[in-house]
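> next come a sequence and a model predicted from it.
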Amino acid sequence: MRLNRMIKRGWLLFTLTLLMGAVGQAQTVVKGFVKDAITMKPLQFVSIYFEGGKGVTTGEDGSYSIVTYRDNLKTISFSLTGYKAISKKVSTGKEQTINIELELADALKEVVVKTKKRGKYRNRDNPAVQLIDLVIENKPKNQITTYNFVQFQQYEKLSLSLTNKPEKLIKNRLFRNYKFILENIDSTTIEGKSLLPVYLEEKLSQRYLRKDPEKDKTVMLGEKKVNYGDFLDDAGISQYLNRLYAEINIYENNVNILATQFLSPIADVGPTFYRYYIRDTVELDGIKLVKLYFTPKNPNDLLFRGTMFVTLDGKYGVQKISMTVSKNANLNWTRELRINQDFEKGIDGRFHVTKSSMLAEFALTKNASGGVLGERTVSVKDFVTNQPAADSVYSAKDLVVRETKDTPDSFWTANRHSPLTTVETKAYYNIDSLKNMKSFKRFGEIVSLVFSGYKSFGPWEIGNTNTFYSFNPVEGFKLKVGGRTTPKFSNFLYFENYFAYGFKDKKLKYQAAATYSFNHKSIYAFPLNYLKLSYQNDTKIPGQDLLFTNEDNFLLSFKRGNNNKWLYNNIVELKYVREFGKNLSYTFAYKNWEQTPAGDITYQKVKDNSFVNDLITSELSAEFRWAPNEQFYQGKNFRIPIINKYPVFKVRYTQGFKGFINGEYDFKNITTTIDKRIYMSQLGYTDVSLEGGYTFGQLPFPLLMVHRANQTYAYQIHSYNLMNFMEFVSDKYAAANLDFYFNGFFFNKLPLIKKLKLREVASFKILYGGVRDENNPDKNQEVYKFPTDITTGKPTTFALNGTPYIEMSVGIANIFRLLRLDVVKRLTYLDNPYIDTWGLRAKLRFDF
């Protein structure tokens, strides 16, 4: 026994010694740029290696970075076909920069190639196109999805930096306290640019993929990111940046980056949009490779240009690819975009990605002195195929995150796939110091107020600034102020309220709500699990459902035509909301709603012409929503869904009860909606929205479906932009809305126009509906009359009579990079009074 314990202790001591030795080994880091000695242009695909060790190649800008932990590697070599090889001595255990200028080999110095013009490019009988056809044909065999099981460790680093040293800020007295931030400059990573890191995050995870049944499981081993404190939402920033710098798979037909679809150079239809040229043949580890250059046939399209190496081993896989976009591409704010991917040969002979990087720089103009540069680097190691993990791994959630996200520095030192630079390391500590400075907190509060509309006072915040002032025909000028608690007040109990006053109707409006969070998380963050009780006394336009927009928004106060159709509402609502891991949610609610007509709306019975002062309903509802793979821009006190390729399904059932808490009618209503974005590659995308509903029971028109109209001058995707408020009601309906966004596909072909980088948009909206005889005031005297114009007596509310309501639009987007203008044409019900048959509508939209 004693001998066994001695053996175990000895073995433990030996193991710890090895581990400490491994962790304690000093690393040698060499980085820099390689150029042509004569032209001084950067050289791509230069082989760089420690003699006796593994190597790397330069990127498109000639940059490289190589790391080793072996202290016996003291010489680094640089070689490229056609150039003289160079070797340099390095200092072990240090980080150093070595820039190289390669000279042409003597045999090539006297070679001169002359040509008067380039021959006409054609796909037919083109060896380069024949090769790319083989690459396309073999894509299914080279995809990672061809394996039954895959597992690997993945390291991600996402950074955001200001480009060029901010000399004016450094010298400004207002920023003298921030010099430690402004002087943390990296001038070696990208030649000609000084980078000031402002954001950094790292993730280390273990990935498990299974082919059948399909499963993509991520176990997060560690996360680390800068923290700006309460006023900036680090999670929201992270989600937004990961949306822009998305994971890249060139074997897919389309590459989604910058929230835009680019056609892959090896897409099935690649030869239709790209030109391909064979540049060279090389040999690596006994495998012959073809160096293939590709470029867009139309430089204004959303396509790449660059170089890839294709294997000639019968599998025709990609061994390395470097690409960028044309300077003329129809992109906004993007001054530079680079993508590099390295592939490594597996035991089965196929190549898989070992390192992927994307770099994009944004600026207000192409010639701006400074900008913002983001870079995402992903590296893979321990790549294992066709070896299943335990069944328990695949049965758990798709994403497993550690309960404590804080991982010590020692964890990252031991597990990073590549070390941070000195500047990156400082960024963590500098920003941690910055967030505790009083002056920076004041600045952050101002920024938060401008973008969120709320001013925080710790446990309470006041707002929303967008709704402080508005106006309408019923209330006149309207002032509104409110507030809500924050998680600092309580992480399970939330309160909100507002008060508003109309100077024309001289009435006070208000709302109060209390919410209990069962999971003790924010009521705005996934997964929602809360119970909310609210009471509201306020005005509303019938049938309005302005997504993510408050009706009291000042800009939406400007409306066309007569918009004097309003309701005074008293609403008591108790609502329970619950979300699940598969983006499935349900909402159960009780609502007691008292509505009083205002403006040009009257509730008048058909049988005796008597007027009804108010209408009360008491109703229960259940709503089920399924949004597979839904993503959000998550803020501290809000979240906005990110539209992706996956559909969103929603079903809602409502039942009204007569006699229950003053309810006046029994009724049933069911509605269903399906929303889907259909990507069309180079043709852009189409947003499709399908909706249908049916109301059971004999009801007055206010309880029927009042279709969403829009009398503002803003273009609204989910509303009918030439329909008047309360113009149409239905007890059964079906609708389809299609919004086309062509990404400049047609304008990019037009001389002169293409320089403006405009983008084409169009829409088509159709609504079928009707009212049964029991709900039609012309055929049933037990319901209310449809509203009429007070002055002329002409009807202003109608039932769809078997002919669908149709409107369509064509427009131009990306005007001044922000503005969309649509010419909207109404095609049916042109004889209805007080309507516009066409109009010009505008919408502000931020796009890349």
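That came in fine, so what should we check first?
> list the contacts of the residue nearest to the spatial centre of the chain.
Here the mean C-alpha position of the chain is nearest to the C-alpha of residue 243 (Cα atoms, centre = their mean), at a distance of 4.1 Å. With contact taken as Cβ atoms under 8 Å, 6 or more residues apart in numbering, residue 243 is in contact with 259, 631, 633, 642. Yep, even glycine has a C-beta here, placed from its N, CA and C like the rest.
> quick one: which of these has the most company?
residue 631 (18 neighbours; other Cβ atoms under 10 Å).
> hang on, it packs against residue 641?
Yes: counting by Cβ atoms under 8 Å, residue 631 does reach residue 641; the two are 7.4 Å apart.
> tell me where the stretch 101-250 of the chain has strands.
With DSSP state E, counting those that start in this stretch as the criterion, the stretch 101-250 of the chain has strands at 149-163, 195-210, 215-225.
> for those, could you give me JSON lines that also reports distance to residue 742?
Formatted as JSON lines, the strands of the stretch 101-250 of the chain follow (distance: least, Cβ to Cβ, whole Å):
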{"stretch": "strand 149-163", "distance to residue 742": "31"}
{"stretch": "strand 195-210", "distance to residue 742": "33"}
{"stretch": "strand 215-225", "distance to residue 742": "32"}
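> the nearest residue to residue 51 once chain neighbours are set aside pairs with what?
Leaving aside its chain neighbours, residue 51 sits nearest to residue 75 (4.8 Å; criterion: Cβ to Cβ, 6 or more residues apart in numbering). Note on residue 75: beta-bridge partners residue 89, judged by DSSP bridges.
> now residue 203
Beta-bridge pairing for residue 203 (DSSP bridges): residue 156, residue 223.
> from residue 417, how far out is it?
11 Å (Cβ to Cβ, to the nearest Å).
> what touches both of the two?
residue 155.
> in the stretch 501-650 of the chain, where is pLDDT below threshold?
545-552, 554, 634-637 (pLDDT under 70).
> now do the helices in it.
With helices called from DSSP state H, counting those that start in this stretch, the stretch 501-650 of the chain shows none.
> please enumerate the strands of it.
Going by DSSP E, counting those that start in this stretch, the stretch 501-650 of the chain shows strands at 507-517, 529-540, 565-579, 584-599, 615-626, 631-634, 639-642, 648-656.
> residues in contact with stretch 433-441?
Contacts for stretch 433-441 (Cβ under 8 Å, 6+ apart): 177-178, 180-181, 227-229, 231.
> same check on stretch 830-840?
Outside stretch 830-840, the residues that touch it by Cβ under 8 Å, 6+ apart are 560-562, 713, 721-724, 727, 789, 792, 794-796, 798, 821-826, 829.
> what score does residue 165 have for pLDDT?
The pLDDT attached to residue 165 in the predicted structure is 63.
> repeat that for residue 16.
pLDDT at residue 16 comes out at 35.
> ok, residue 530 - how many residues close by?
Neighbour count for residue 530, taken as other Cβ under 10 Å: 20.
> for the protein, name the helix or strand with the lowest mean pLDDT.
helix 2-24 (a mean of 39; mean pLDDT, DSSP states H and E).
> thinking again about what came up before, determine which two of the contacts of stretch 433-441 are furthest apart.
Using Cβ to Cβ, the contacts of stretch 433-441 span at most 20.4 Å, a distance reached by 180 and 231.
> more neighbours: which of the two?
residue 231 (20 against 12).
> quick one: contacts for the closest residue to residue 419 other than its chain neighbours?
Ranked by Cβ to Cβ, 6+ apart and with sequence neighbours excluded, the top spatial neighbour of residue 419 is residue 27, at 5.9 Å. By Cβ under 8 Å, 6+ apart, the residues touching residue 27 are 67-69, 93, 419.
> check which helix or strand covers residue 443.
Assigned by DSSP states H and E, residue 443 belongs to helix 438-452.
> and after that helix, which helix or strand comes next?
Next along the chain after helix 438-452, taking DSSP H and E as the criterion, comes strand 454-456.
> pairing partners for the helix or strand just after that next one, with directions?
Using DSSP H and E, the helix or strand that follows strand 454-456 towards the C-terminus is strand 460-463. In the sheet, strand 460-463 lines up against strand 454-456 (antiparallel), strand 476-485 (antiparallel) (DSSP bridges).
> neighbouring contacts of strand 460-463?
452-455, 481-486, 489, 637.
> one more: stretch 802-815?
By Cβ under 8 Å, 6+ apart, stretch 802-815 touches 330, 332, 707, 715, 720-723, 728, 741, 744, 757-770, 819-829, 841, 845, 847.
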